[in-house]
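Trainee: Provided below for reference: sequence and predicted model.
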Amino acid sequence: MNKFYTVAVAVVLLLFATSVFAFGPGGPGGIDLSKDQQDKMWQLKEKFNGDTSSLRYEMFQKRNEMRTLYADPKATDTALLAKEKEVNALMQKMHDRVVRYKLDQRKIYTPEQLKQLTEKGGHGSGGRHQGARGGFGPGGCGF
């Protein structure tokens, strides 16, 4: 049960960490973005949020169903495991969409900016962990 809540909290944080932090001074990790790049990042974030809205709602519903099952003394292990698989499948869908989102963001950066992000963060996708400030890497999302 404790693992479930940890994963659920991580997913919720991921969903809210989709803000592109390119709008602050110096952009992500000190990378300056042009006004056009900032606009494209904003539009991409809005599209991502709209495209994942129903998925986030479905994840919310499944987590509530899971909590209800855990609280039900008559719930079987089989039912709990089946619900856990449903939650995991939704989390995988969200992960896939986040990866696509980050790939789309990557197309907005210039080669020089990508190099700067990689140098600053050392991550394969570039960027550095930004935590509550706005997410991870150049995309502002985890993974």
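Mentor: Looks like it arrived, so ask away.
Trainee: report all helices and strands that the longest helix seen in the chain contacts.
Mentor: Longest helix of the chain, by residue count under DSSP state H: helix 35-71. In this structure, helix 35-71 packs against helix 2-16, helix 77-106, with contacts taken as 3 or more CB pairs under 8 Å, 6 or more residues apart in numbering; DSSP states H and E. Quick note: C-beta positions are derived from backbone N, CA and C, even for glycine.
Trainee: what stretches of this protein score poorly on pLDDT?
Mentor: Within the chain, the stretches with pLDDT under 70 are 1-30, 122-143.
Trainee: hmm, 90 instead?
Mentor: Along the chain, segments meeting pLDDT under 90 span 1-32, 116-143.
Trainee: quick check: L80 vs T118, distance?
Mentor: 42 Å (CB to CB, to the nearest Å).
Trainee: can you check Q92 too?
Mentor: 26 Å.
Trainee: more neighbours: these two, which one.
Mentor: T118 (17 against 10; other CB atoms under 10 Å).
Trainee: quick check: which element contains the more buried one?
Mentor: helix 111-121 (DSSP states H and E).
Trainee: buried residues in that helix?
Mentor: Using 16 or more other CB atoms under 10 Å as the test for burial, helix 111-121 gives 113-114, 116-118, 120-121.
Trainee: and the angle for that helix with helix 35-71?
Mentor: 50 degrees (axes from the mean of the first three to the mean of the last three CA atoms, to 10 degrees).
Trainee: quick check on D32: phi, psi?
Mentor: phi -80, psi 130 (degrees, to the nearest 10).
Trainee: neighbours of it, how many?
Mentor: 13.
Trainee: that one and K102, how far apart?
Mentor: 20 Å.
Trainee: do the same with F48
Mentor: 10 Å.
Trainee: then K85?
Mentor: K85 is 26 Å from K102, by CB to CB.
Trainee: more neighbours: which of those two?
Mentor: When neighbours are counted by other CB under 10 Å, K85 and K102 differ, and K102 comes out ahead with 23 against 10.
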